[in-house]
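1. pasting the structure only:
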């Protein structure tokens, strides 16, 4: 068995999120939605585990895939309430170790994270989203540093 390169791993996660998130939003078959949500949940969990192992030059080289991952993950915050904790964890993993090429995508995610803070029905989600905003303000988003 061959190992999956970091570039291929990020590309696969990006394609899965891009295709499955659209299906979750528009597919009316309950059975399919559950399977798609589970696929996305597992993909985000693996992403969170593996992202810190990917070296900065590789992440910089995969800016398009990383941008797609951040964009689609942020989109899950407002469309898929059952995936919010996983999406926040994935965005935290990116923000905590962000490279410069990921800053634009992370900046676009901020309004959706703020929306989670405003609309979350439980304290755990609110605190998780607020701590992500705090992390991003100090570490990743120069636009928020005033």
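-> That came through fine. Remember, predicted model here, so these are calculated numbers, not experimental data. Numbers count the residues shown, from 1 in each chain.
2. Now do the helices in this structure.
-> Assigned by DSSP state H, the chain shows helices spanning 6-26, 30-50, 56-61, 63-79, 84-96, 103-119, 123-135.
3. Pull out the buried residues from stretch 56-69.
-> Buried residues in stretch 56-69, counted by 16 or more other CB atoms under 10 Å: 59, 61-63, 65-69. For every residue, glycine as well, the C-beta is placed using N, CA and C.
4. To clarify, my last question referred to stretch 81-101.
-> So, applying 16+ other CB under 10 Å, buried residues of stretch 81-101: 83-95, 98-99, 101.
5. go on, stretch 41-57?
-> Residues of stretch 41-57 classed as buried by neighbour count (16+ other CB under 10 Å): 41, 43-44, 47-48, 51, 54.
6. Okay, now the unreliable bits of the chain?
-> Applying pLDDT under 70 to the chain picks out residues 1-2, 20-35, 136-146.
7. Let's see that with 80 instead.
-> 1-2, 20-36, 80-81, 135-146 (pLDDT under 80).
8. Can you tell me the centre-most residue of it?
-> When CA atoms, centre = their mean is applied to the chain, the residue found nearest the centroid is residue 73 (3.6 Å).
9. That one contacts residue 93, doesn't it?
-> No. At 9.8 Å, residue 73 and residue 93 do not qualify as touching, with contact defined as CB atoms under 8 Å.
10. Pull up the overlap in contacts between the two.
-> Here residue 73 and residue 93 have no joint contacts, going by CB atoms under 8 Å, 6 or more residues apart in numbering.
11. closest to residue 12 among the buried residues of stretch 56-69?
-> Of all the buried residues of stretch 56-69, residue 12 sits closest to residue 65, with 8.8 Å by CB to CB.
12. Correct me if wrong: the closest one contacts residue 13.
-> Yes. Contact criterion CB under 8 Å: residue 65 and residue 13 qualify, at 7.3 Å.
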